[in-house]
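Asker: Structure here, sequence nowhere to be found:
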């Protein structure tokens, strides 16, 4: 089972690895839902940990419908990441009707075929989770996982949809469903019992006082690891 946690810099990444995180998602501007980190921060994290680092590629927090100018920034950020030795990104793009922007995905994958991609929670804004999953399954060679709360505000509220997506994952063999959003020490046992997902994504719930301004809570991390690995 994989435990992924959000980090904001090298020190947090080192602490997360020490406490048993299997993978980190590196972001900046967490108050805005997570944006692309600075190049210096990316380099620092890549140099400080041995576990996989998924880097958020998101130029702004206004929406997920990107202009040509936005995409130019995205290309340059990915190029810089690859130049630093990284090849894992967290990315999502939608059309104006909130369906998956396949044009953007295909352009990224064609240009950077080595990428390991997490499609982020833009997925939860699509009109049909089923259709969106089938679309992303076409790119499963690069899109390895989908971060989702089942189209709802948190995983408990989206449980039925998460179960449906988990079944699609098994049937189609597409991207892994990675529950994230509202997960905490109190709910993870019930969620894991119902979903038996292979990976989970945690944010502030694994921090002291559930605040990104604080360090990781070692007891909470241990509890979550014990739940998902047993």
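Answerer: Perfect, I can see it now. Remember, predicted model here, so these are calculated numbers, not experimental data. Residues are numbered from 1 along each chain as shown.
Asker: May I have the phi/psi pair for the closest residue to residue 122 other than its chain neighbours?
Answerer: Using CB to CB, 6 or more residues apart in numbering and skipping residues adjacent in sequence, the residue nearest residue 122 is residue 92, 3.2 Å away. Yep, even glycine has a C-beta here, placed from its N, CA and C like the rest. The phi and psi values for residue 92, taken as degrees, to the nearest 10, are phi -160, psi 140.
Asker: which residues does residue 92 contact?
Answerer: By CB atoms under 8 Å, 6 or more residues apart in numbering, the contact list for residue 92 reads 58, 64, 119, 120, 121, 122, 123.
Asker: how about the last one, secondary structure?
Answerer: Following DSSP: H, G, I helix; E, B strand; the rest coil, we place residue 123 in the helix state.
Asker: Distance of it relative to residue 58?
Answerer: 13 Å (CB to CB, to the nearest Å).
Asker: all helices of this protein, in order?
Answerer: Using DSSP state H, the helices of the chain run over 10-18, 39-48, 68-83, 102-111, 129-137, 159-172, 188-195, 218-229.
Asker: could you dump the ones you listed to JSON lines with distance to residue 152, mean neighbour count and mean pLDDT?
Answerer: Shown next, in JSON lines, are the helices of the chain (distance: least, CB to CB, whole Å; neighbours: other CB atoms under 10 Å; pLDDT from 0 to 100):
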{"stretch": "helix 10-18", "distance to residue 152": "27", "mean neighbour count": "19", "mean pLDDT": "98"}
{"stretch": "helix 39-48", "distance to residue 152": "31", "mean neighbour count": "17", "mean pLDDT": "97"}
{"stretch": "helix 68-83", "distance to residue 152": "27", "mean neighbour count": "15", "mean pLDDT": "98"}
{"stretch": "helix 102-111", "distance to residue 152": "24", "mean neighbour count": "15", "mean pLDDT": "97"}
{"stretch": "helix 129-137", "distance to residue 152": "10", "mean neighbour count": "18", "mean pLDDT": "98"}
{"stretch": "helix 159-172", "distance to residue 152": "7", "mean neighbour count": "16", "mean pLDDT": "97"}
{"stretch": "helix 188-195", "distance to residue 152": "13", "mean neighbour count": "17", "mean pLDDT": "96"}
{"stretch": "helix 218-229", "distance to residue 152": "21", "mean neighbour count": "16", "mean pLDDT": "97"}
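Asker: possible to save the ones you listed as CSV with distance to residue 208?
Answerer: Conversion of the helices of the chain to CSV gives the following (distance: least, CB to CB, whole Å):
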stretch, distance to residue 208
helix 10-18, 11
helix 39-48, 21
helix 68-83, 30
helix 102-111, 36
helix 129-137, 34
helix 159-172, 28
helix 188-195, 18
helix 218-229, 9
